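Participant: the following comprises the amino acid sequence and a computationally predicted model.
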Amino acid sequence: NFSTTEIGFLWAMGVFAEIFMFSIASKIFQRFSWRSLVVVCLLVTSIRWMLVALFSHYFVGQLFAQCLHAFSFGLFHLIAMRVIFQNFSAGQQGRGQALYSTMWGLGVAFGSVLAGHFWKILSGELIFMCASVVVLLGLCFVMWLPKQVDSSAA
């Protein structure tokens, strides 16, 4: 268990890591295809869930996991925004973002319900390990993504 100060520090470092990722994102997008970046997001997310599972009682492990989360979540969000800006007209981009938020929210809700249901049966550590594996299964679908998003979008 962490103190409220430690939790606040973890949160603040996550925000700092996400802001840092946003600040370097344009360089990342210039260098790598967005499909490759989705692969990185999934791999980093899987590593993060495994770190949460294996090092739940270690502050440094959680600090690293929090920074990985900020990086992968921030990068994935930017990829999604580029896809929306490329595929929705200017007047429809708000609806595209609403659709993205709805689908993301449904995924979070569904995953949270499942995790909550099995938490006491399997343990928190095993739930996070399962989440890590499920994220890796997402790699099976990456090959169907287009190789590149129009670089002028977003």
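Facilitator: Here it is on my side, so go on.

Participant: so where's the chain uncertain?
Facilitator: For the chain, the stretches with pLDDT under 70 are 146-154.

Participant: give me the most central residue, it.
Facilitator: The centroid of the chain falls nearest to Phe73 when counting by CA atoms, centre = their mean (3.1 Å).

Participant: double-check it against Glu18; I have them as touching.
Facilitator: Yes: taking contacts as CB atoms under 8 Å, Phe73 lies within contact range of Glu18: 7.0 Å. Every residue, glycine included, has its C-beta placed from N, CA and C.

Participant: one step back: residues touching the residue nearest to the centre of the chain, list them.
Facilitator: Counting by CB atoms under 8 Å, 6 or more residues apart in numbering, Phe73 touches Glu18, Thr45.

Participant: tell me which element it is part of?
Facilitator: Following DSSP states H and E, one finds Phe73 within helix 59-87.

Participant: repeat for Phe16
Facilitator: helix 4-31.

Participant: what's the angle between the helix or strand just after that helix and helix 59-87?
Facilitator: As assigned by DSSP H and E, the chain's next helix or strand after helix 4-31 is helix 34-54. Using axes from the mean of the first three to the mean of the last three CA atoms, to 10 degrees, the direction of helix 34-54 lies 150 degrees away from that of helix 59-87.

Participant: all numbers from here: first residue = 32
Facilitator: Got it, the first residue is 32 from now on, which makes the last one we talked about helix 65-85.

Participant: buried ones in helix 65-85, by neighbour count?
Facilitator: Buried residues in helix 65-85, defined by neighbour count with 16 or more other CB atoms under 10 Å: 65-66, 68-70, 72-84.

Participant: pull up the gap between Ile50 and Thr35, please.
Facilitator: 22 Å (CB to CB, to the nearest Å).

Participant: more neighbours, these two?
Facilitator: Ile50 (11 against 7; other CB atoms under 10 Å).

Participant: quick check: next helix or strand after the helix holding Phe104?
Facilitator: helix 124-153.

Participant: ok, Val70 to Leu130 distance?
Facilitator: For Val70 relative to Leu130 (CB to CB), the value is 23 Å.

Participant: now do Gly136
Facilitator: Distance from Gly136 to Leu130, by CB to CB: 11 Å.

Participant: right, and Tyr131 touches Arg113 too?
Facilitator: No: using CB under 8 Å, Tyr131 makes no contact with Arg113, being 11.4 Å away.
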